[in-house]
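Visitor: prediction below, plus the sequence it came from.
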Amino acid sequence: MSKPIVAVPADIRAFDGTDWHSVQVQYVRAAVKVADVMTFIIPALEQGNDSDAILDRVDGVMITGSATNVHPSLYGREARPEDGPFDPARDATTLPLIRRAIERGIPLLCICRGIQELNVALGGTLASEIQEQPGIWDHRKPVSPDRDVMYSIRQPVYVKEGSCIARALGTGEIQVNSLHRQAISDIAPRLQVEATAEDGTIEAVSVIDARGYAVGVQWHPEYWAETDTPSRRLFEDFGKAVRAYAATRAKA
Ligand SMILES: N[C@@H](CCC(=O)NCCCC(=O)O)C(=O)O
């Protein structure tokens, strides 16, 4: 069987005086080296992406993190300047793709911004600047020019017994990194909490009664996927789900 393919929607990033469809290398590296899949980067388009045309051709979907925020209008809120930066083309690409992948039972792994998109796509809301709420830890990325410091593993999260990710990670405490200022506020009806931080922040979810693997994590398992055991196990589990789906698709 040929190597399965995972769709990875891009961000719109501006540099060198123009806009680019871009995905950070760490996501592709983790998918290729640990999940053992190929990745197809999907352009971020406000119009023109056909979710089924994409999903007919892949065996999984990975929604990456990004420094931009889901536009508040997508979860019924007014957008304030401080809620940005925004990436409407990414939102327009990922939210329908997430919903359709879940409907079709195509394996789905959503990371950081991705878990926030998963929640919004299924009807939930987000809280911004969570570190300003009483009792909430500062989950923002450490200020450093060194990306290894930004993505340093420094926060305990607690994996719930019987959760989907417990199959790969076991239950109880694991140590993760943290680079976010938003988090799930009202959890979507079809999502269940899989892990939380000590301050109660939702750190992982899965889709209730999903036809396939459908998980979101607020941390960044991709960054240390080759060396950190929980990170590696999560990507290995995602790769296993993608290969199982690819096998059924090949039979069909
Ligand atoms: N913008 C959202 C999502 C956070 C996220 O995906 N962080 C990754 C940051 C990557 C980088 O800055 O290089 C939030 O802040 O909650």
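Guide: That came in fine, so what should we check first?
Visitor: what sits against Lys141?
Guide: Met150, Tyr151, Ser178, Leu179, His180 (CB atoms under 8 Å, 6 or more residues apart in numbering). In this view, the C-beta of every residue, glycine as well, is placed from N, C-alpha and C.
Visitor: and those, which is closest to Tyr27?
Guide: Tyr151 (12.2 Å; CB to CB).
Visitor: ok, for the closest one, nearest residue in space, not its chain neighbours?
Guide: Tyr223 (4.1 Å; CB to CB, 6 or more residues apart in numbering).
Visitor: quick one: what helix or strand has that neighbour in it?
Guide: Using DSSP states H and E, Tyr223 maps to neither a helix nor a strand.
Visitor: pretty sure Pro14 contacts Trp20?
Guide: Check again: residue 14 is Ala, not Pro. Yes - under the contact definition of CB atoms under 8 Å, Ala14 touches Trp20, with a separation of 7.4 Å.
Visitor: pick out whichever of the two has more residues nearby.
Guide: Trp20 (13 against 9; other CB atoms under 10 Å).
Visitor: surely that one is in a strand?
Guide: Yes - under DSSP: H, G, I helix; E, B strand; the rest coil, Trp20 falls within a strand.
Visitor: start at 19, not 1
Guide: Noted, 19 is the first residue going forward, which turns the last one into Trp38.
Visitor: how close does it sit to the ligand?
Guide: For Trp38, the distance to the ligand equals 15 Å [CB to the nearest ligand atom, to the nearest Å].
Visitor: so what sits opposite that residue in the bridge?
Guide: Beta-bridge pairing for Trp38 (DSSP bridges): Arg31.
Visitor: could you report the pLDDT at it?
Guide: Trp38 is assigned 98 on the pLDDT scale.
Visitor: for the one 4 residues further on, same thing?
Guide: The score at Gln42 is 98. That number is its pLDDT.
Visitor: neighbours around the nearest residue to it once chain neighbours are set aside, how many?
Guide: Spatial nearest neighbour of Gln42, chain neighbours left out: Thr82 (6.9 Å); criterion: CB to CB, 6+ apart. Thr82 has 27 neighbours, counted by other CB under 10 Å.
Visitor: next one: Asp74
Guide: Asp74: 11 neighbours (other CB under 10 Å).
Visitor: from the ligand, how far off is it?
Guide: 28 Å.
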